[in-house]
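Q: Prediction below, plus the sequence it came from.
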Amino acid sequence: MQHDIVFSGFGGQGVLFAGQLLAYAAMDRGLYVTWIPSYGPEMRGGTANCTVVVADEEIGSPLVNHPMNVVAFNNPSVDKYEPLVTAGGLLIYNASLTARILTRPDIRGVPIHASEVAAELGNARLLNMVMLGALLQLSDVLPIEAIETALEGHMSTRRPELLALNCQALRRGMALANFASAIA
């Protein structure tokens, strides 16, 4: 088993944290993992992306030219990664910030209104957990319990008051993905 995932968006959307959390959860489960962040010099608003590879055997290369899974937080990320997704792959995109229709019929595109859900939950910064929850629902990379355990183990010391809200955002993302894939 090997999963490669690209998370992409603007700096400040939690793109790198979503990928890092997935990597931590996979490591905690004893899987092989690579996490490669990439970001511009800006603190917020510049481009940010990361590539996560999760496998049950050694990973030959952490570089992924044509990812099987892309989680795009904004329109420029959809523009950049739609042509690169492997045929038969998955592109989950934040429909709240994407104003176009996907053009490739050979990939599975799933729109998630993640920004609206994060706002409903009272914190726009939950966007990343909503999108990660959607990925968990639409792929078999890891179960949600692994992510929740990683959140508790790796995040709760910094912001313990946000743990329950992050778990709620993950579950809302899963529900959104379930609904979006049912009508697609």
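A: It's in.

Q: State the distance from the spatially closest residue to Asp106 that is not a sequence neighbour to Pro111.
A: The spatial neighbour of Asp106 that comes closest, neighbours along the chain excluded (C-beta to C-beta, 6 or more residues apart in numbering), is Ala87 at 4.5 Å. Just so you know, the C-beta spots here come from the backbone N, C-alpha and C atoms, and that holds for glycine as well. Going from Ala87 to Pro111 by C-beta to C-beta, to the nearest Å gives 20 Å.

Q: ditto for Thr34
A: Counting by C-beta to C-beta, the gap from Thr34 to Pro111 is 28 Å.

Q: These two - which one has more neighbours?
A: Taking neighbours as other C-beta atoms under 10 Å, Thr34 and Pro111 compare with Pro111 leading, 21 against 17.

Q: Please give the number of neighbouring residues around Val52.
A: 27.

Q: List the pairing partners of the helix or strand hosting it within its sheet, with orientation.
A: Under the criterion of DSSP states H and E, Val52 resides in strand 47-55. Strand 47-55 sits in its sheet next to strand 2-10 (antiparallel), strand 32-39 (antiparallel), going by DSSP bridges.

Q: So for it, mean pLDDT?
A: What strand 47-55 shows for mean pLDDT is 93.

Q: Quick check: what element follows it along the chain?
A: Beyond strand 47-55 in the direction of the C-terminus, DSSP H and E gives the next helix or strand as strand 69-72.

Q: so what strands line up beside that next one?
A: Its sheet considered, strand 69-72 pairs with strand 2-10 (parallel), strand 90-94 (parallel) by DSSP bridges.

Q: Beyond the longest one, next helix or strand please.
A: The helix or strand immediately downstream of strand 2-10 is helix 15-28, counting by DSSP H and E.

Q: Send over that next one as PDB, restricted to the C-alpha atoms.
A: C-alpha atoms of helix 15-28 as PDB (Å, rounded to 0.1, in the frame of the first residue of the first chain):
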ATOM      1  CA  VAL A  15      -1.900  23.400   4.400                       C
ATOM      2  CA  LEU A  16       1.400  22.400   5.900                       C
ATOM      3  CA  PHE A  17      -0.200  21.500   9.200                       C
ATOM      4  CA  ALA A  18      -2.800  19.200   7.500                       C
ATOM      5  CA  GLY A  19       0.000  17.300   5.800                       C
ATOM      6  CA  GLN A  20       2.200  17.200   8.900                       C
ATOM      7  CA  LEU A  21      -0.700  15.900  11.000                       C
ATOM      8  CA  LEU A  22      -1.300  13.100   8.400                       C
ATOM      9  CA  ALA A  23       2.400  12.300   8.500                       C
ATOM     10  CA  TYR A  24       2.400  12.100  12.300                       C
ATOM     11  CA  ALA A  25      -0.700   9.900  12.400                       C
ATOM     12  CA  ALA A  26       0.900   7.500   9.900                       C
ATOM     13  CA  MET A  27       4.200   7.400  11.800                       C
ATOM     14  CA  ASP A  28       2.300   6.700  15.000                       C
END
